[in-house]
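Q: quick one: sequence plus predicted model below, questions after.
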Amino acid sequence: MKIADVKANAFAMPLTSPAFPPGPYRFTNREFLVITYRTDMDALRAVVPEPLEVTEPLVKYEFIRMPDSTGFGDYTESGQVIPVSFNGVKGGYTHAMYLNDHPPIAGGRELWGFPKKLASPLLETEIDTLVGTLDYGKVRVAKATMGFKHKPADLAAVQAALEGPNFLLKIIPHVDGTPRICELVRYHTTNINLKGAWTGPASLELHPHALAPVADLPVLKVESALHYITDLTLDLGEVVYDYLAK
């Protein structure tokens, strides 16, 4: 293979059989269960990197069911998003994500810097209850429940949140183990077709685990719950801060 051929095809690994196709990526019937809870402010400040600013002691714990996503297939995801501010603009910082499908793990980490790890999340409806669970190996790490479609949610507010900026810390090491890329990345979701959104009573349990430390941001009080279904496009990102720049 010629050098020019390597350059022309080097968008993902492995070179001759990439783990994911080029983006952007379209998701159809993406289903969310989002539990917003109050936590310890000092614990948040300990994990949110500057220049992002923590604005309030809240965390959004998410379960996301993705049955139809271009290139990534059918999978489920679970993790924590922290409301933050960057240069005075509010957005969300993705702190942790656990999922059960290799292509979006590889693509999420390599392209944007999503903090994705392999685990076993599940989002399903049990009679009158929406239930989300996350297992890391054989250990239950998180469990959320919500009354199924008890009350319509504010569609305009959900739409505005989906259109807001999202932030990630992308880290790729050099071959000697030192950081080669360390960047704050911003991305948006676009072409949003919100099909429905609901609120209802909810609960959330987080359990300690050495390698899936979601409980390090403890649940002090559940503030609200949101269930919605949407189509959207996950756009590629942009670097807004380079930690290694001189």
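A: Thanks, I have it. Residues are numbered from 1 along each chain as shown.

Q: so where's this protein uncertain?
A: Along the chain, no part satisfies pLDDT under 70.

Q: return the residues in contact with Leu162.
A: For Leu162, the contact set (Cβ atoms under 8 Å, 6 or more residues apart in numbering) comprises Thr189, Ile192, Leu194, Thr230, Leu232. C-beta coordinates here come from the backbone N, C-alpha and C atoms, glycine included.

Q: make a markdown table out of those residues and add secondary structure.
A: Shown next, in a markdown table, are these (DSSP: H, G, I helix; E, B strand; the rest coil):
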| residue | secondary structure |
| --- | --- |
| Thr189 | strand |
| Ile192 | strand |
| Leu194 | strand |
| Thr230 | strand |
| Leu232 | strand |
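
Q: can you select the buried ones among the residues you listed for me in PyMOL?
A: Typed into PyMOL, the line below selects the buried ones among the contacts of Leu162, using 16 or more other Cβ atoms under 10 Å:
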select buried, resi 189+194+230+232
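
Q: quickly check the contacts of Leu162 for the two that are furthest apart.
A: Greatest spatial distance among the contacts of Leu162 (Cβ to Cβ): Thr189 and Leu194, at 11.0 Å.

Q: distance check, the closest residue to Pro213 other than its chain neighbours against Leu169.
A: Excluding its sequence neighbours, the residue lying closest to Pro213 (Cβ to Cβ, 6 or more residues apart in numbering) is Ala96, at 7.9 Å. Going from Ala96 to Leu169 by Cβ to Cβ, to the nearest Å gives 11 Å.
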